[in-house]
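> Test case, fold it:
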Amino acid sequence: MPLGDPHGGEFTYTNEGLPTTVSAVTVPSTDLVATAEFYYDMLGFEVLESHSDRLYMKRGDCVIVFELREKAGVDTGIYLGVDNPFDLHRRLIDEGVVFVRDPMNSPIGVYTSFRDCDGNVINAVDRLGKVRLSDF
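Sure, this is the predicted structure:
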């Protein structure tokens with residue numbers, strides 16, 4: 001229920017205050033040092049800040065908050081935007097990263113899915129929607 005104008009006037013909401021992007025996501029980690037190394041070495045993320053129970057990493061506009069937990073290995077539901085999921089797939093395969101899904105078409109573009117060092121499933125999708133399996 002809107003509070004309205006404190007001076008008694010009428011106010012009509014349009015788009016003020018509504019979300020426009022996802023600012024950050026949280027991913028569980030059982031070892032923050034190993035997580036920092038994986039995301040830095042494999043995906044080019046930089047450490048923003050580190051605490052005993054949290055690690056903040058960023059690449060471009062993407063921020064991930066890793067929280068120290070006893071258990072990890074979840075399907076995060078996160079889709080990282082990449083220029084080309086085929087290139088990411090090839091690059092990470094060469095580094096021994098385990099994939100759970102080879103690149104495939106979807107309504108949001110071609111995507112692929114892999115496991116991070118904790119076994120969490122991370123998805124990567126063509127952020128521009130220009131890549132199609134038929135192109136390869």
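> Residues contacting stretch 31-45, please?
Residues from elsewhere that reach stretch 31-45, judged by CB atoms under 8 Å, 6 or more residues apart in numbering: 29, 46-47, 50, 54-55, 57-59, 62, 64, 66, 68, 80, 92, 95, 97, 116-118. In short, each C-beta sits where N, CA and C put it, glycine included.
> Tell me which of those residues fall in strands.
Here DSSP state E is the test, and the contacts of stretch 31-45 give 29, 46-47, 50, 54-55, 57-59, 62, 64, 66, 68, 80 as lying in strands.
> For the nearest residue to Val63 once chain neighbours are set aside, give me its contacts.
What sits nearest to Val63 in space, not counting adjacent residues and going by CB to CB, 6 or more residues apart in numbering, is Ala24, at 4.0 Å. For Ala24, the contacting residues are Val63, Ile64, Val65, by CB under 8 Å, 6+ apart.
> For His89, see how far away Ala24 is.
25 Å (CB to CB, to the nearest Å).
> remind me, longest helix of this structure?
Among the segments of the chain that qualify as a helix by DSSP state H, the longest is helix 32-43.
> to the chain's geometric centre, what's the distance from it?
When distances are taken as CA atoms, centre = their mean, to the nearest Å, helix 32-43 is centred 14 Å away from the chain's centroid.
> now swap in stretch 41-52 and tell me
Stretch 41-52 sits 13 Å away from the centroid of its parent chain (CA atoms, centre = their mean).
> what about that stretch, average pLDDT?
Mean per-residue pLDDT for stretch 41-52: 97.
> For that stretch, buried residues please.
Buried residues in stretch 41-52, counted by 16 or more other CB atoms under 10 Å: Met42, Leu43, Phe45.
> Tabulate those (TSV), appending distance to Tyr13.
As requested, the buried residues of stretch 41-52 are arranged in TSV below (distance: CB to CB, whole Å):
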residue	distance to Tyr13
Met42	43
Leu43	39
Phe45	37
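> sorry, back to before: would you mind listing the buried residues in the longest helix of the chain?
Leu32, Thr35, Ala36, Phe38, Tyr39, Met42, Leu43.
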